[in-house]
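Enquirer: model this:
(chains A and B)
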Amino acid sequence: GNSVTQMEGPVTLSEEAFLTINCTYTATGYPSLFWYVQYPGEGLQLLLKATKADDKGSNKGFEATYRKETTSFHLEKGSVQVSDSAVYFCALSDQGGGSTLGRLYFGRGTQLTVWP
Amino acid sequence: EAGVAQSPRYKIIEKRQSVAFWCNPISGHATLYWYQQILGQGPKLLIQFQNNGVVDDSQLPKDRFSAERLKGVDSTLKIQPAKLEDSAVYLCASSSRLAGEETQYFGPGTRLLVL
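Expert: Here you go, the predicted structure:
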């Protein structure tokens, strides 16, 4: 079946530190991969995505590369800011069939706190 | 473009009571999802609609949960009767496959506490 495993938090970093949040997946087909972010008191927002192997998604300084050989989609940022403090969710989407869109399978989420 | 709207934002009820949540998706989005997010976990799909038809409700506890999407736009999710373990955030999301876009856009969620 489909599942996502991401590193457990919480992760605490100082401002300008390098961030890596590990994510690995299990999928029966050829999924699309996503990182969603949830800021305090807000809903889930798409951070970045990749739809096929070797694609790199990027947004707001965050990057993740779809690695089919290691079934991974690790999130990285070279220099974090206090405003990046949030919960980060890795997710995959099976493509479904026909004209329907696939459901999302989420990891448990990783709480990131960045101190000034 | 307006986002996914949900109401209410918060709800407190006692066990065995009933509750209903409402979702208005992004205009033109044919696919609508309801997810349950228990504290400390990632969201889990409850039900998926394509227009006004159910695509996937395999994870919906049908003895107490029901959902409908009349006219293929707004949707309501109902719990009757509620149990303590239903305390969670209920998220609605919508998506469209126009031009290959498959991103799901989430609403702010309804936080339910069952006492």
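Enquirer: and whichever residue of chain B sits closest to chain A, how many neighbours does it have?
Expert: As assessed by CB to the nearest CB, chain A sits closest to B:Gly42 within chain B, at 3.0 Å. From N, CA and C alone the C-beta is placed, and that goes for glycine too. The number of residues packed near B:Gly42 is 21, by other CB atoms under 10 Å in any protein chain shown.
Enquirer: ok now do it, which residues does it touch?
Expert: Going by CB atoms under 8 Å, 6 or more residues apart in numbering or on different chains, B:Gly42 touches A:4, A:89, A:91, A:106-109.
Enquirer: switch to 6 Å and redo it
Expert: B:Gly42 makes contact with A:89, A:106-109 under the criterion CB atoms under 6 Å, 6 or more residues apart in numbering or on different chains.
Enquirer: go on, A:Glu76?
Expert: A:20, A:63.
Enquirer: circling back: in a strand, the residue of chain B closest to chain A, correct?
Expert: No - B:Gly42 sits outside any strand when classified using DSSP: H, G, I helix; E, B strand; the rest coil, being coil.
Enquirer: Leaving out sequence neighbours, find the closest residue to the one residue sitting closest to the centre of chain B.
Expert: For chain B, the residue nearest the mean C-alpha position is B:Trp34 (2.8 Å; CA atoms, centre = their mean). Sequence neighbours aside, B:Leu46 is the residue nearest to B:Trp34 in space, at 4.5 Å (criterion: CB to CB, 6 or more residues apart in numbering or on different chains).
Enquirer: Any idea how many residues pack against the residue nearest to B:Pro81 when sequence neighbours are not counted?
Expert: Computed as CB to CB, 6+ apart, the closest residue to B:Pro81 that is not its neighbour in sequence is B:Arg16, at 4.3 Å. Counted with other CB under 10 Å, the neighbours of B:Arg16 add up to 10.
Enquirer: Could you do A:Gly43 as well?
Expert: 19.
Enquirer: Would you mind measuring from A:Leu47 to chain B?
Expert: 11 Å (CB to the nearest CB, to the nearest Å).
Enquirer: ok, that residue - contacts?
Expert: A:35, A:37, A:59, A:62.
Enquirer: Need the per-residue pLDDT for it.
Expert: pLDDT for A:Leu47: 96.
Enquirer: SS state for it?
Expert: strand.
Enquirer: before we move on, the earlier item: name the helix or strand for the residue nearest to B:Pro81, please.
Expert: Per DSSP states H and E, B:Arg16 falls between elements, in no helix or strand.
Enquirer: same thing with A:Thr20?
Expert: Going by DSSP H and E, A:Thr20 is part of strand A:19-21.
Enquirer: Tell me which strands that strand pairs with, and in which orientation.
Expert: Under the criterion DSSP bridges, strand A:19-21 sits next to strand A:75-77 (antiparallel) in its sheet.
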